[in-house]
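S.K.: Below are the sequence and a predicted model; questions follow.
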Amino acid sequence: MNRKAVLKKIRKKDKTWDIIILGGGSTGLGCAVDAASRGYKTLLLEQVDFSKGTSSRSTKLVHGGVRYLQQGDVSMVFEALQERGLMFKNAPHLVTNQSFIIPTYDFWGGPFYTIGLKVYDMMAGKLGLGPSKHLSLEETVEAIPTVEQEGLRGGVIYQDGQFDDSRMAISLAQTCVDYGGTVLNYCKVTALLKDGDLIAGVVATDEETGEIFSIKAKVVVNATGVFADEVIQMDEPETEHDYTKSGFIWF
Ligand SMILES: Cc1cc2nc3c(=O)[nH]c(=O)nc-3n(C[C@H](O)[C@H](O)[C@H](O)COP(=O)(O)OP(=O)(O)OC[C@H]3O[C@@H](n4cnc5c(N)ncnc54)[C@H](O)[C@@H]3O)c2cc1C
């Protein structure tokens, strides 16, 4: 990741990238690794530092979607458990096992959560992080001394994952570069290049020097998270700016 070399590349007026990705959070970096690994000429531009947005401010859980199980979204849970297992395999230095305890206060709570979490374990298959277990009242209090004890009947312990989100982002950026992709931080996209109705690239500013670049691309991906509407407005100025409608998913 040599900034001077990257700036030299993006100054080339005749160069057309296969794909330019706006935003160096988990979404943008994931897209960049995917595109670069398929051999596309890939450029990712981030206006601040990698993962400076939501992607360094998460709860830092790599969960298999246990709450989607309660909602009956089984296919989502299978996919999330698979991804959780792959993250453990691919980045064991960034992902660790985290135990959770659900205290139970009524008669049905114990069997309900024990059976539900056993199903969760089974769905993880070989990628499981350890079996869930019913805890007695004493074991629950010993594990969580500050738990509300009035009416407490016991608990259920289960395993999920925790990760270092910003380090994961840096690892993705490095992986993208390993695959031949190009990533640049402190470079803000301020406008879109158009060819008729089609988007044909971006205008970006080096936030360190103020230098402005016009960069051509066959495909432009808007992975700017809560800023997505601002980028859409560059294309369609009449679009209402409302990040709650931008596809941002509250976790
Ligand atoms: C409170 C909270 C807790 C969460 N906890 C978890 C969790 O435990 N586990 C989990 O998996 N997920 C969690 N999530 C969800 C997860 O953090 C987000 O889904 C994810 O970080 C979104 O990544 P992103 O790349 O889409 O957005 P962002 O990380 O916000 O990235 C967008 C990037 O675009 C850049 N950008 C914007 N405009 C431009 C421009 N014009 N030019 C160049 N760059 C630009 C921004 O600087 C930013 O870095 C949580 C989310 C929240 C809010």
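M.R.: On my side now, so go ahead.

S.K.: what comes into contact with stretch 203-223?
M.R.: Under the contact criterion C-beta atoms under 8 Å, 6 or more residues apart in numbering, stretch 203-223 has outside partners 7, 10-11, 13, 15-23, 25, 27-28, 31, 43, 45, 47-48, 186-193, 199-202, 228, 231-232. In short, each C-beta sits where N, CA and C put it, glycine included.

S.K.: List, one by one, the residues from this protein near the ligand.
M.R.: Applying C-beta under 6 Å from any ligand atom, one finds that the chain approaches the ligand through 22-28, 45-48, 52-55, 58-61, 188-189, 223-227, 231, 249, 251.

S.K.: tally of neighbours for the residue in the stretch 101-250 of the chain positioned nearest to the ligand?
M.R.: Nearest residue of the stretch 101-250 of the chain to the ligand: residue 225, at 2.7 Å (C-beta to the nearest ligand atom). Residue 225 has 19 neighbouring residues, counting by other C-beta atoms under 10 Å.

S.K.: measure the residue in the stretch 51-200 of the chain that the ligand sits nearest to to residue 84 for me?
M.R.: With C-beta to the nearest ligand atom as the measure, residue 53 is the residue of the stretch 51-200 of the chain nearest to the ligand, at 2.6 Å. Note on residue 53: its distance to residue 84, by C-beta to C-beta, to the nearest Å, is 23 Å.

S.K.: Give the buried residues for the lowest-mean-pLDDT helix or strand in the chain.
M.R.: Using mean pLDDT, DSSP states H and E, the weakest-scoring helix or strand in the chain turns out to be helix 66-70, at a mean of 83. Going by neighbour count (16 or more other C-beta atoms under 10 Å), the buried part of helix 66-70 is 66, 68-69.

S.K.: do the same with stretch 151-158
M.R.: By 16+ other C-beta under 10 Å, the buried positions in stretch 151-158 come out as 152, 154-158.

S.K.: Show the residue spans covered by the strands in this protein.
M.R.: 16-22, 42-45, 61-62, 95-104, 133-135, 154-163, 182-184, 187-195, 198-206, 212-222 (DSSP state E).

S.K.: Just the CA trace of the longest one, in CSV.
M.R.: Okay, so that is strand 212-222. Extracted in CSV, the C-alpha atoms of strand 212-222 (Å, rounded to 0.1, in the frame of the first residue of the first chain):
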residue,chain,number,x,y,z
ILE,A,212,-8.4,16.4,-7.8
PHE,A,213,-8.7,13.2,-10.0
SER,A,214,-11.1,12.2,-12.7
ILE,A,215,-11.1,8.4,-12.7
LYS,A,216,-12.9,6.3,-15.3
ALA,A,217,-14.5,2.9,-14.5
LYS,A,218,-16.9,0.4,-16.1
VAL,A,219,-18.7,-0.2,-12.8
VAL,A,220,-19.0,2.0,-9.7
VAL,A,221,-20.2,0.5,-6.4
ASN,A,222,-21.7,2.7,-3.8
